[in-house]
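Enquirer: Need coordinates for the below:
(chains A, B, C and D)
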There are 2 protein chains.
Amino acid sequence: MTGRGQEERDFLAAYDPRDFAPIAVTVDVVALTLREGRLHVLAVRRGGPPFAGEWALPGGFVRAGQESLDEAAARELAEETGLDAAALGRVHLEQLGSYGRPDRDPRMHVVSVAYLAFAPRLPDATAGGDAAGAEWLPVPAISPAGQPSSAPSRPIGQGRRTGTHGGGTGRRPLPPGPAGTPFAFDHDRVLADGLERARAKIEYTPLATAFLGETFTISDLRAVYEAVWGTPLHAGNFHRKVLSVPGFVESTGETGTRPGSRGGPRARLYRAGDARRLHPALLRPDREADVR
Amino acid sequence: MTGRGQEERDFLAAYDPRDFAPIAVTVDVVALTLREGRLHVLAVRRGGPPFAGEWALPGGFVRAGQESLDEAAARELAEETGLDAAALGRVHLEQLGSYGRPDRDPRMHVVSVAYLAFAPRLPDATAGGDAAGAEWLPVPAISPAGQPSSAPSRPIGQGRRTGTHGGGTGRRPLPPGPAGTPFAFDHDRVLADGLERARAKIEYTPLATAFLGETFTISDLRAVYEAVWGTPLHAGNFHRKVLSVPGFVESTGETGTRPGSRGGPRARLYRAGDARRLHPALLRPDREADVR
DNA sequence: CTAATAGTGTCTTTAAGACACTATAGG
DNA sequence: CCTATAGTGTCTTAAAGACACTATTAG
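Expert: Okay, here's the model as predicted:
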C-alpha cells in the first residue's frame, strides 16, 4: 500500500521504528433511551480482564480499510441491540469525541472514538450479538450530576478553570448495579460527556423527538426534556413554547387514544417537523450555578 | 503487552488477521488567528504525494504509547508555529472531531483526530519545525460560505436533510493561492467544520478573547466577532451587551494609548473575565436562512 | 364528584436591536 | 473644522416565565 520516495517526509519522519507499535482504534457508543420516563444508557458487562465484571459502553474495533467511523459505530450499535437496518434508521447517531490517553487501556494504546445515540424505545437488548448481556441502565442512578469532564471542547494549554460544581440533576436512588456504578476504562468520563452533549443538544435542535415514536404528544415531548435535563418543566409554558418554534413539531390531525392514567382530555398528536435547529432555542432553566 | 485467555473475546473476536493491517492515527489542527482584522488559518504546503504541492492542515502521527491526543495536537501546533510552552499556554486548543473514512488517505486507513485552536497574533510561522513553509492563509478567500459538512454532530441513519445554503460569509477576493484553495485529503471539510465550531463557540463562551492579547478594547473584541462571523455588528449595542454579560470582561482601570487612525476618544482596556460561558449568550444575527 | 391533565390567556420582566446623541481626539 | 470612533440613553419588540383559568375525561 505504501509507495516510496517523497513520502519519506510524511510517513517515515513521523514513524520511527519504535512508534510502530500500532495504535488500535475503537468506537464506543453512548446510547440513550427513555424507559418509564427515565433516561437509560446501554451498557455491557465485561467478560474478561481488564475490568472484568464491570460495566462498559458497547463498542469494538474499527475494521481497518473496510469501514468509516460512522459505519463502525452504527454496526456496533446494531450488533449490541439486535437492531435491523430499518430500526437503526430511526436512531440518531452522532460523533461525540475521541479519547486517546496512552494508559486508558492497560493492554496497549487504544484510541476510542465515542458516539452518542438517541433511540426511541427499543425491545430489550439482551438478545443481541457477540456481547450477550447488553442492558439498559437507568442514568440517574449512575451519574448523579454528570459534569462534563474531558475530551471534547476542553481547553488544554489554558488555566481559567474553577472547581465550582453546580446543580444536582438526578435524584432517585434505585441503583441497578452498585450505586454510582463505575464503568471500565474511562467510560465514566465518556458517559458524562455524552450526557452533557445530550442535554445541550436538545436545547437548540429538535433531537428530543428522536427519543419518541413516529407520533407523540406534547406531554411525551416534555417528558423527554424532563428526563434528560432532570428538571420538572412547567407544562403550560412548555406547550406554548414548543408550538411557537417554527418547524419543531407539526400536527397530525389525530388525537391520542388514552389520556392520563386517571383521566383528563385526550392530547393531540404531533410528529417531528422539518427544522434542524430550534429558533429560538429551548434553554435549560437557570444553570447560573455551574456556569462560571 | 497482551495477555491470553479471556481477552480473546475482546481482542481476537474483533481482530481477525486481515484486519491487522493497522490503522494509523494522526492529529490535524485547524489553527485560527486574526491578522489585519481578517481571520487566518494555519496551513502547510505538502512536499510529496499524495496531494503534493497542495495546502493541508498542520498535523502528524500520534506517538503510540507516548502521548495523549491533546498532547499530540499541542506538540504539532508548537512544532508548526515555533511556539514555546509559554506562548502555547495562551492558545486555546480543543478537540474538534475525528475523520476516519478508509479512503481519505490513499496510502492506508488513517484516522485523523482534528483539533481547533484559537491563537492571538503570533510571529510568522515559517521559521517553525519539520514542515518548513507553514503559513497563515486568510480564511474568507478559502471558504466562501464554510458550511459545516461532516464528522462532528452529523446524524447517520436519518434523513431530514435539506440542501439550503444560507448567508455568504466571506467577501473580498485576494486569494493567496488559487481562489477557493482546495486542501489535501478531507481537510476542506475539517476546516469547514472548524470554522462552524468557532462561529458557534464564541456565541456562548468568552473564547473570542483567546484571539486577543492580555488586554484589549471592546472594539478589538468586536473585530474578532466580525471577522469570525463575517458580519458587521452594531458598535453601540455590542458594547453594551458585552459589558452586561457577567464575567465576560473585566476592566483594567487603564485606557488605550491610541485612538483610531484618524482620531477619536481613547478606548478603555479590559481583560478576560472569569466566566466560562456567556449568559445570556451573544447570538449571531439572524441565521434564519440556513437554519432549516 | 374528584382529581389530574390538555391547552389557553394574560401579565411581568428580561433581552435584543434600531436609532439618536454626546464626547473625544487626530488630521 | 471635519470626521471617525467611544460610549450612553431611549424606545420598540420578542421572548421567557409566573400564574390563573377552562375544558375534558377516568375512576
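Enquirer: how about the helices in chain A?
Expert: A:7, A:69-81, A:85-88, A:139-142, A:187-204, A:218-229, A:235-244 (DSSP state H).
Enquirer: List the residues that contact the residue nearest to A:Arg90 when sequence neighbours are not counted.
Expert: Residue nearest to A:Arg90 in three dimensions, not counting chain neighbours: A:Pro120, with 6.0 Å by C-beta to C-beta, 6 or more residues apart in numbering or on different chains. The C-beta positions use only the backbone N, C-alpha and C, and glycine is treated the same way. For A:Pro120, the contacting residues are A:Thr33, A:Arg90, A:Val91, A:Ala210, A:Phe211, A:Leu212, A:Gly213, by C-beta atoms under 8 Å, 6 or more residues apart in numbering or on different chains.
Enquirer: Report the contact partners of the last one.
Expert: What it means is A:Gly213. Per C-beta under 8 Å, 6+ apart, neighbours of A:Gly213: A:Pro120, A:Arg121.
Enquirer: distance of A:Arg226 from DNA strand D?
Expert: Check again: residue A:226 is Glu, not Arg. Counting by C-beta to the nearest atom of the strand, to the nearest Å, the gap from A:Glu226 to DNA strand D is 13 Å.
Enquirer: which strand is the longest one in chain A?
Expert: Secondary structure of chain A per DSSP state E: the longest strand is strand A:24-35.
Enquirer: hang on, the earlier thing: need the helices of chain A in TSV (columns: mean neighbour count, mean pLDDT and distance to chain B).
Expert: Formatted as TSV, the helices of chain A follow (neighbours: other C-beta atoms under 10 Å in any protein chain shown; pLDDT from 0 to 100; distance: least, C-beta to the nearest C-beta, whole Å):
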stretch	mean neighbour count	mean pLDDT	distance to chain B
helix A:7	17	44	6
helix A:69-81	22	94	4
helix A:85-88	13	86	5
helix A:139-142	23	77	21
helix A:187-204	22	97	8
helix A:218-229	20	97	16
helix A:235-244	13	98	15
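Enquirer: Same list (those helices) but as CSV, adding distance to B:Ile23.
Expert: Below are those laid out as CSV (distance: least, C-beta to C-beta, whole Å):
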stretch, distance to B:Ile23
helix A:7, 18
helix A:69-81, 10
helix A:85-88, 24
helix A:139-142, 31
helix A:187-204, 20
helix A:218-229, 34
helix A:235-244, 43
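Enquirer: Against A:Ser219, how distant is the nearest residue to A:Pro232 once chain neighbours are set aside?
Expert: Using C-beta to C-beta, 6+ apart and skipping residues adjacent in sequence, the residue nearest A:Pro232 is A:Glu226, 5.8 Å away. The gap separating A:Glu226 from A:Ser219 is 10 Å, by C-beta to C-beta, to the nearest Å.
Enquirer: same thing with A:Arg262?
Expert: 14 Å.
Enquirer: swap in A:Thr209?
Expert: In this view, A:Thr209 and A:Ser219 are 13 Å apart by C-beta to C-beta.
Enquirer: you'd agree A:Arg75 is up against A:Glu67?
Expert: Yes: with contact defined as C-beta atoms under 8 Å, A:Arg75 and A:Glu67 form a contacting pair (6.9 Å).
Enquirer: in chain A, what spans have low per-residue confidence?
Expert: A:1-21, A:125-132, A:141, A:143-181, A:258-261, A:288-292 (pLDDT under 70).
Enquirer: Do you have the strands of it handy? List them.
Expert: Secondary structure of chain A, counting by DSSP E: strands at A:24-35, A:38-45, A:55-56, A:59-61, A:92-99, A:110-118, A:134-138, A:249-255, A:268-272.
Enquirer: With distance to B:Thr255 and mean neighbour count as new columns, can those be given to me in TSV?
Expert: Converted to TSV, the strands of chain A look like this (distance: least, C-beta to C-beta, whole Å; neighbours: other C-beta atoms under 10 Å in any protein chain shown):
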stretch	distance to B:Thr255	mean neighbour count
strand A:24-35	50	23
strand A:38-45	52	23
strand A:55-56	57	20
strand A:59-61	56	23
strand A:92-99	42	25
strand A:110-118	47	26
strand A:134-138	57	20
strand A:249-255	52	13
strand A:268-272	53	18
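Enquirer: Which among those is found nearest to A:Ala281?
Expert: strand A:249-255 (15.2 Å; C-beta to C-beta).
Enquirer: so what's the residue nearest to A:Pro232 up against?
Expert: A:Gly37, A:Pro232, A:Leu233.
Enquirer: which among those end up buried?
Expert: By neighbour count, with 16 or more other C-beta atoms under 10 Å in any protein chain shown, the contacts of A:Glu226 hold A:Leu233 as buried.
Enquirer: quick one, the longest strand of chain A and helix A:218-229 angle?
Expert: Counting by axes from the mean of the first three to the mean of the last three C-alpha atoms, to 10 degrees, strand A:24-35 lies at 130 degrees to helix A:218-229.
Enquirer: Report the distance from strand A:24-35 to the chain centre.
Expert: When distances are taken as C-alpha atoms, centre = their mean, to the nearest Å, strand A:24-35 is centred 6 Å away from the chain's centroid.
Enquirer: Brilliant, that's me finished.
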